[in-house]
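Visitor: Give me coordinates for this.
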Amino acid sequence: MNYPILDLESIKGVPFLSKSMCDWMMDCGIYSFHIQNHVSGVTLEVEIDGGKKDYTIIWTEDAHSLQKSMNDFNRTTDYGAMCVSILLILGLTEYTHFETAHVGTGCDFWLYSPEGDELELTAKLEISGISKSSKTNKLDYRMTKKKKQVQKSDHLVKKAYISIVEFGTPKALLKRNETK
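Guide: Below you'll find the model as predicted:
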């Protein structure tokens, strides 16, 4: 079946994010799929606000060469989830620019969209990565937790996107959360 392609290497060049950060997120994404025995061409099932959309995830870099840099699986999974989540946001929303957020703000990135000749901050993005789901660590559980977390910065911007990426299945959950 032909699904839309999500090329992990297309993370390179995302506005506001450095080349080295984009390279690191890409490497972590590739390795996170690799350690779950997935190869380029794997299908990622994405649940988006109640609907579902499948993507074909591709890359060309050799994942075996990354092993010595990726031994911290928690960090690797989180940054791999950032790569996938940013690419999903780029493909599914109007947001084009990502700014890293400070620890304690309840989100990972601030999202900017074009507003005429200017860029306007109108949303935030919180991301979580799961290497492989378990009974106590599932997408829905993480989503509930993250919905509370993003409220920390509601005084700055109310609209939030929450993305949870699980590499074992692989599967992702992307929800828009907006408080009044």
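Visitor: separation between the nearest residue in space to residue 119 that is not next to it in sequence and residue 45?
Guide: Distance criterion C-beta to C-beta, 6 or more residues apart in numbering; nearest residue to residue 119, sequence neighbours excluded, is residue 112 at 4.3 Å. (C-beta placed from N, C-alpha, C; glycine too.) Residue 112 sits 28 Å away from residue 45, going by C-beta to C-beta, to the nearest Å.
Visitor: ok, the two, which is more surrounded?
Guide: Ranked by neighbour count (other C-beta atoms under 10 Å), residue 112 and residue 45 place residue 112 first, with 20 against 15.
Visitor: and whichever strand or helix holds residue 27, how far out from the chain's middle?
Guide: Secondary structure from DSSP states H and E places residue 27 in helix 19-34. Relative to the chain's own centre, helix 19-34 is displaced by 11 Å; criterion: C-alpha atoms, centre = their mean, to the nearest Å.
Visitor: how about the CA coordinates for it, as PDB?
Guide: Coordinates of each C-alpha in helix 19-34 appear next as PDB, following Å, rounded to 0.1, in the frame of the first residue of the first chain:
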ATOM      1  CA  LYS A  19      21.800  22.000  11.700                       C
ATOM      2  CA  SER A  20      23.500  20.000  14.400                       C
ATOM      3  CA  MET A  21      20.300  19.700  16.500                       C
ATOM      4  CA  CYS A  22      18.400  18.600  13.400                       C
ATOM      5  CA  ASP A  23      21.100  16.000  12.600                       C
ATOM      6  CA  TRP A  24      21.000  14.700  16.200                       C
ATOM      7  CA  MET A  25      17.200  14.400  16.100                       C
ATOM      8  CA  MET A  26      17.300  12.600  12.800                       C
ATOM      9  CA  ASP A  27      20.000  10.200  14.000                       C
ATOM     10  CA  CYS A  28      18.000   9.500  17.200                       C
ATOM     11  CA  GLY A  29      14.900   8.800  15.100                       C
ATOM     12  CA  ILE A  30      16.700   6.400  12.800                       C
ATOM     13  CA  TYR A  31      18.200   4.600  15.700                       C
ATOM     14  CA  SER A  32      15.000   4.400  17.600                       C
ATOM     15  CA  PHE A  33      13.300   2.600  14.700                       C
ATOM     16  CA  HIS A  34      16.400   0.500  14.200                       C
END
